[in-house]
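1. Following is a predicted model, sequence given first.
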Amino acid sequence: MSIFVQIFKMMNRKIILTAVFLGAVSIVLGAFGAHALKKVIDVNALVTFETGVRYQMYHALFLLFLATNNMVQEKTKKIIHIMVIFGVVFFSGSIYLLATNAITSFDFKVIGFITPIGGLLFIIAWAMVFIDIFKNKSQFQ
């Protein structure tokens with residue numbers, strides 16, 4: 001087996017493991033929000049929390065797609081993988097903290113500026129997939 005095939009398999013394994021982890025955590029957080037948080041935060045904050053959960057799950061599924069797709073270059077996959085991890089931490093993570101702000105002693109509004117940075121990382125990651133597939137016309141001939 002060539003070194004490139006081994007690297008390819010290792011990278012895709014990492015991406016799949018990240019996707020499974022993010023997906024499982026989003027299910028746990030969704031259940032936590034629906035059952036425990038429902039009693040202690042207002043409806044608007046709960047809707048905000050659920051937005052974080054939803055986007056985390058979307059990007060877990062996105063990573064599964066990425067890992068099982070051979071139309072995206074390995075170098076691009078590696079960059080996207082990192083961008084999605086930081087996107088989830090910045091976007092969903094900040095949303096979780098902001099939504100639960102009322103029940104903590106720290107004012108998480110000071111970190112609100114990182115939410116759009118996470119969203120931008122998501123957008124760039126999706127754009128990179130588009131560009132990579134668009135440039136790789138040989139896959140479709």
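-> On my side now, so go ahead.

2. for the chain, what's the longest helix?
-> Counting residues, the longest helix in the chain under DSSP state H turns out to be helix 3-35.

3. what's the helix or strand just after it in contact with?
-> Sequence-wise, the next helix or strand downstream of helix 3-35 (DSSP states H and E) is helix 43-67. Helix 43-67 is contacted from outside by 12-13, 15-16, 18-20, 22-23, 25-27, 29-30, 33, 37-38, 41, 72, 77, 80-81, 84, 87-88, 91-93, 95-96, 98-102, 122, 125-126, 129, using C-beta atoms under 8 Å, 6 or more residues apart in numbering. Every residue, glycine included, has its C-beta placed from N, CA and C.

4. which among the residues you listed end up buried?
-> Applying 16 or more other C-beta atoms under 10 Å to the contacts of helix 43-67, the neighbour count classes 12, 15, 18-19, 22-23, 25-26, 29-30, 33, 37, 41, 72, 77, 80-81, 84, 87-88, 91-93, 95-96, 98-100, 122, 125, 129 as buried.

5. neighbours around Phe134, how many?
-> A count of neighbours around Phe134, defined by other C-beta atoms under 10 Å, yields 9.

6. any idea which helix or strand carries it?
-> When the helices and strands are read off by DSSP H and E, the one containing Phe134 is helix 114-135.

7. For stretch 81-100, list the C-alpha coordinates in CSV.
-> Extracted C-alpha coordinates of stretch 81-100, given in CSV (Å, rounded to 0.1, in the frame of the first residue of the first chain):
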residue,chain,number,x,y,z
HIS,A,81,-11.7,19.7,8.7
ILE,A,82,-9.8,22.3,10.8
MET,A,83,-12.1,25.1,9.7
VAL,A,84,-15.3,23.1,10.7
ILE,A,85,-13.8,22.3,14.1
PHE,A,86,-13.1,25.9,14.8
GLY,A,87,-16.4,26.9,13.2
VAL,A,88,-18.3,24.7,15.6
VAL,A,89,-16.3,25.9,18.6
PHE,A,90,-16.7,29.6,17.7
PHE,A,91,-20.3,29.5,16.3
SER,A,92,-22.1,26.8,18.2
GLY,A,93,-19.9,27.1,21.3
SER,A,94,-20.5,30.8,21.7
ILE,A,95,-24.2,30.4,21.0
TYR,A,96,-24.4,27.8,23.8
LEU,A,97,-22.7,30.2,26.2
LEU,A,98,-24.8,33.2,25.1
ALA,A,99,-28.0,31.2,25.4
THR,A,100,-27.2,30.2,29.0
